[in-house]
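Visitor: whatever this is, show me its structure:
(one chain, ligands or ions: 1)
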Amino acid sequence: MKRTFLITGASKGIGRALSERLARDGHNVVGLARSSGDTTFPGTLVSVDLTDREGTQAVLSDLDARFEFDGVVNNVGFVQLSPLGSIDLDGLDRAMRDNLAPAVQTVQTLLPGMRKRGWGRIVNLSSLVVLGVAQRSTYAAAKAAMISLTRTWALEL
Ligand SMILES: NC(=O)c1ccc[n+]([C@@H]2O[C@H](COP(=O)([O-])OP(=O)(O)OC[C@H]3O[C@@H](n4cnc5c(N)ncnc54)[C@H](OP(=O)(O)O)[C@@H]3O)[C@@H](O)[C@H]2O)c1
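Guide: Okay, the predicted model is just below:
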């Protein structure tokens, strides 16, 4: 069955590989990234800065009206290195906000449609840094929170 998936951070790296894999398996892919001019992207690539809440919500609402999404891969992630002793509190806020808000926004926007159609999948990317890697305090905290979101949503859904 052909499904439609949204992938954040889809233009390169893991997001791009997932996009190509899903497209190869016959699915529709809508990718989000700041850059959008890549004509080789295996689907629809939409430009948005996922750290811009209002801009992101406008794009998500528009896409939700144009596509019937069956799933979302919350792939985008932001790393900021800082050893203990140099952790900037604004950087901590930014790490939590930038890593978590886009995932909450995609899911809350797409969930009503997936519920209505009676089928949906949410895939969240975390990282092994949650087990502890030097200089990754803020990134690891955000990625650990991503696991908490995933477990909570699994229970709620
Ligand atoms: N790579 C690893 O070894 C590794 C290990 C564990 C977990 N992870 C996790 O896996 C995920 C993907 O990592 P990756 O290494 O594949 O990333 P990547 O190669 O750095 O790719 C990042 C993607 O996100 C997009 N992006 C970056 N900033 C953005 C923004 N502000 N708004 C919209 N899109 C933005 C980039 O496109 P543009 O530049 O065009 O915006 C690109 O498509 C992340 O959550 C990461 O934490 C990665």
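Visitor: residue ranges of the helices in this protein, please?
Guide: For the chain, applying DSSP state H gives helices covering 13-24, 53-66, 89-117, 137-156.
Visitor: same for the first one, what does it pack against?
Guide: In terms of contact count using 3 or more C-beta pairs under 8 Å, 6 or more residues apart in numbering; DSSP states H and E, helix 13-24 is assigned the packing partners strand 4-8, strand 28-33. (Glycine included, C-beta is placed from N, CA and C.)
Visitor: figure out which of the helices of the chain is closest to the ligand.
Guide: Distance to the ligand, taken as C-beta to the nearest ligand atom, is lowest for helix 13-24 among those, at 2.2 Å.
Visitor: now the closest one against strand 4-8, angle please.
Guide: If you take axes from the mean of the first three to the mean of the last three C-alpha atoms, to 10 degrees, helix 13-24 sits at 170 degrees to strand 4-8.
Visitor: can you point out the buried residues in stretch 118-136?
Guide: G120, I122, N124, L125, S126, S127, V129, V130, Q135, R136 (16 or more other C-beta atoms under 10 Å).
Visitor: from one end of that stretch to the other, what's the distance?
Guide: End-to-end distance of stretch 118-136 (C-alpha to C-alpha, to the nearest Å): 39 Å.
Visitor: contact partners of it?
Guide: Contact with stretch 118-136 is made by 5, 14, 69-75, 77, 79, 81-83, 103, 107, 110-111, 114, 139-140, 143-144, 146-147, 149-150, 153, 157, as judged by C-beta atoms under 8 Å, 6 or more residues apart in numbering.
Visitor: excluding its backbone neighbours, what's nearest the residue most central in space within the chain?
Guide: The chain has N74 as the residue nearest its centroid, 2.3 Å off, counting by C-alpha atoms, centre = their mean. The shortest distance from N74 to any residue other than its chain neighbours is 3.9 Å, reached at A103 (C-beta to C-beta, 6 or more residues apart in numbering).
Visitor: counting neighbours, what do you get for the one you found?
Guide: A total of 25 residues lie near A103 under the criterion other C-beta atoms under 10 Å.
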